[in-house]
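Q: need a 3D model of the sequence below.
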Amino acid sequence: MLSVLHPGLTWRPPRCLMPFAAFWLVAFAQGALIAHPLGGVQQNQPPRDAQVASNRSGTAVIRGRVVDGRTGNPVARARVRLTSPSPATRQSSMLTDGEGAFEFTALVPDFYIVTVEKSTYATAQYPDLTRSMRSRGRTFSIADREVVEGLTISLYPAGAITGRVFDAYGDPLERAQVRAFRYRGGRFQGLGWTQTNDVGEYRLPRLEPGRYVVQVRPQLNQVTKSSQPDSERLPSQPLPVFYPNATHPTQARTVTVKRGETLYGVDIFAGEGVPTIVSGVVIRPDGEPAASGFIQAVAVGHGIYGGYDEVVGTSLDKGGTFQLTLPPGEYLLVAQLQPRLTPKPVASSGDLTGVARVVASGHRIENVFVVAGAGATVSGRVVFEGGTPPPPSPGEARVPFSDDFEAPGCRLVNAKVGEDWTFKVENLVGTCGVSPLSDFGAWSLKAVIINGENVVDRKVSFEIGQQLADVRVVVSDKRSEINLIVTDDEGKPTQEYVALVFPVDKQRWKFPSRFMRTLVPLIVASGTAPRPESNAMNLWLGRMVGLPTGDYYAIAVDDIDSLDWQDLEILERLADSAVRVTVTDEGAIEVPLRRLSFADVMR
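A: Residues are numbered from 1 along each chain as shown. Prediction:
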């Protein structure tokens, strides 16, 4: 998850890991999701540009042209890249000539993707690149001595949204931040930002086709200690707003961008209100004020992906004091110190963190104390259930934690794992959601026992100085398995589908989640089946493993947008046409599905 910060700020709010998940990625889940079965590398360089050298030469050739999708005119000096899912086949690239032509020679038999990039144009791909899930991994194959020619790849200008931003009095706002969001799984995902110029104009470029919400965040005048107002309340200032003038994204009006389209006149009038001065001090674990450090105010809520949609920060002043000017809303104040920069040693060898919550409502907030210290320490053991021998310990590892907009502020950390699978995780801070991973090779996560309670599907808060011992992470070699048998309109088996399996319990419709799965079958040439133990084999066979036990909906459609499947309203519609299945860990189950048209399901 990427956060879009105020211009000039590069810090992102800290996120922590659950102790019971911190070692799984290295221990069990290394490698690509789809390991392509074919080998092969490519060699030689076309005369127009350099290619990456490879181990051996082939005999196949790919030729084509790049043209403007609107006019049909050739596009010169477009960057053309030839890639393959096969790890043995390296990337090659070149520039088109004056006629828009390109040529790759001495290619080995393999599956390939041609990608084209050019300034002011949206990225294009052959096979055609769309937002649909099936198109994302689509390739084409070439055989030994085959000449593939006549490829025509059309470039279209990238979509854009333009307009002007005004204050409540109709005057243009300069240096206001403007951002575009797309709706995703009950929250809004930021996809780009820009600033207004001296006459309030903005342009959000390089947008893919879709529906967007546009937000404006005017630049607040930060009040310094030398410019304190005489009264308790500050003068009113322009405040954030969603197009055309909503305070919450769910109340905003969406705008639809078509391929290559520029929307003009999306003008926004910023709100007007009174910001809040928040001041206080950051205290070290020994009770002394912090000598140096940084503090950020992280806006919480709005359903923005990741739980926050703005960061305002400042360095700590002498004596650990700070002052921030914030628009109305709820905030996390997150202070970070580095012990090596403090005058007195402290117990922790890592960064020190302090967190406090404030609600800005226009009135001054003073004497906020943020106590920084080492985060929680969690120790315990991984318990393996079943007859499969445990794997070797990874020693130390880290796994990304769930981006949960209801629980912002988690920080990534490493877990130290002993040879006997005892582990220790230090400096955990924040309220954390649940790891979305459930399939760990030969084992599935069964339970996480903290203080006698299984918290595997709950949020856990970690506090400064907290000590949690005897944590048990229980994994089992008994895994659920679903084998999808999908047929087309004529009742014939097909691999041209997207399958979705999601829980009957709507409270678990969150993203990412170990209860939500999609599957796009891997289509390979005859005689090139993946290795039986590979993840690619599961995709090839239409197999899902490691889902938690329970009741689910299962459905197969011809295709679906990569964001639509995380739209809660669309899931409601899909559930009406889905098959209901019960998943257990007592053995594999077969689920026959008839492939449906996504468009028909949505009618």
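Q: out of the helices and strands in the chain, which is least certain?
A: Every helix and strand of the chain was ranked by mean pLDDT, DSSP states H and E. The lowest is helix 24-28, at a mean of 34.
Q: next SSE after it?
A: Counting by DSSP states H and E, the element after helix 24-28 in chain order, helix or strand, is strand 60-68.
Q: how far out from the middle of the chain is that following strand?
A: Computed by CA atoms, centre = their mean, to the nearest Å, the chain-centroid distance of strand 60-68 equals 33 Å.
Q: run through who's touching that strand.
A: Strand 60-68 is contacted from outside by 73-75, 78, 80, 82, 96, 99-109, 112, 114, 116, 118, 124, 126, 142-156, using CB atoms under 8 Å, 6 or more residues apart in numbering. (Each C-beta comes from the backbone N, C-alpha and C, glycine too.)
Q: if we go to 7 Å?
A: 73-75, 78, 80, 82, 96, 99-105, 107, 109, 116, 142-155 (CB atoms under 7 Å, 6 or more residues apart in numbering).
Q: immediately after the one helix or strand Leu191 maps to, which helix or strand?
A: Here Leu191, judged by DSSP H and E, is contained in strand 187-195. Downstream of strand 187-195, the next assigned helix or strand under DSSP H and E is strand 201-207.
Q: paired strands for the helix or strand that that following strand is followed by, with orientation please.
A: Scanning forward in sequence from strand 201-207 by DSSP H and E, the next helix or strand is strand 210-217. Take DSSP bridges as the rule and strand 210-217 pairs in its sheet with strand 177-184 (antiparallel), strand 241-242 (antiparallel), strand 255-257 (antiparallel).
Q: Asn451: which of the ones you listed is closest?
A: Relative to Asn451, the nearest member of the strands paired with strand 210-217 by CB to CB is strand 177-184, separated by 34.7 Å.
Q: ends of stretch 449-461, what's the gap?
A: One end of stretch 449-461 to the other measures 15 Å (CA to CA, to the nearest Å).
Q: what mean pLDDT does it have?
A: Averaging pLDDT along stretch 449-461 yields 83.
Q: and that stretch, which residues are buried?
A: Ile449, Ile450, Val455, Val456, Lys459, Val460 (16 or more other CB atoms under 10 Å).
Q: what packs against the strand holding Leu191?
A: strand 177-184, strand 201-207 (3 or more CB pairs under 7 Å, 6 or more residues apart in numbering; DSSP states H and E).
Q: the shortest one pairs with which strands, parallel or anti?
A: Each strand paired with strand 201-207, and its direction, by DSSP bridges: strand 159-166 (antiparallel).
Q: residues contacting the strand it pairs with, please?
A: Strand 159-166 has contacts (CB under 7 Å, 6+ apart) with 172-173, 176, 178, 180, 196, 200-205, 207-209, 212, 214, 216, 255, 257, 259-270.
Q: give me the buried entries from those.
A: Neighbour counting with 16+ other CB under 10 Å marks 173, 176, 178, 180, 196, 200-202, 204-205, 207-209, 212, 214, 216, 255, 257, 260-263, 266, 268-270 as buried within the contacts of strand 159-166.
Q: so where's the stretch 251-400 of the chain uncertain?
A: Along the stretch 251-400 of the chain, segments meeting pLDDT under 70 span 301-311, 338-350, 397-400.
Q: and the stretch 51-200 of the chain, by the same measure?
A: By pLDDT under 70, the weakly predicted segments of the stretch 51-200 of the chain are 51-56, 87-88, 90, 129-131, 136-137, 183-187.
Q: domains of this protein?
A: In terms of domains, the chain is parsed into 19-30+375-476, 60-136, 159-273, 277-363, 481-602 (source: automatic domain parsing).
Q: turn these into CSV, columns for distance to Phe369.
A: Formatted as CSV, these follow (distance: least, CB to CB, whole Å):
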stretch, distance to Phe369
domain 19-30+375-476, 13
domain 60-136, 48
domain 159-273, 18
domain 277-363, 6
domain 481-602, 34
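Q: against Val425, how distant is the closest residue to Thr388 other than its chain neighbours?
A: Nearest residue to Thr388, sequence neighbours excluded (CB to CB, 6 or more residues apart in numbering): Asp477, at 4.1 Å. Using CB to CB, to the nearest Å, Asp477 is found at 24 Å from Val425.
Q: just the ones of the contacts of strand 60-68 in strands?
A: 80, 82, 101-105, 107, 116, 142, 147-155 (DSSP state E).
Q: how many neighbours does Thr487 have?
A: Applying other CB atoms under 10 Å, we find 15 residues neighbouring Thr487.
Q: just to check, it is in contact with Pro493?
A: Yes - counting by CB atoms under 7 Å, Thr487 touches Pro493, with 5.8 Å between them.
Q: show me the shaky parts of the stretch 501-603 of the chain.
A: Applying pLDDT under 70 to the stretch 501-603 of the chain flags the ranges 512, 523-540.
Q: if we go to 90?
A: 507-516, 520-548, 561-569, 585-587, 603 (pLDDT under 90).
Q: which strands and helices sit next to the longest helix that the chain contains?
A: With DSSP state H setting the assignment, residue counts place helix 568-577 as the longest helix in the chain. On a contact count with 3+ CB pairs under 7 Å, 6+ apart, helix 568-577 meets strand 550-557, helix 598-602.
Q: winner for burial among the ones you listed?
A: Mean neighbour count (mean count of other CB atoms under 10 Å) peaks for strand 550-557 among the helices and strands packed on helix 568-577, with a mean of 21.
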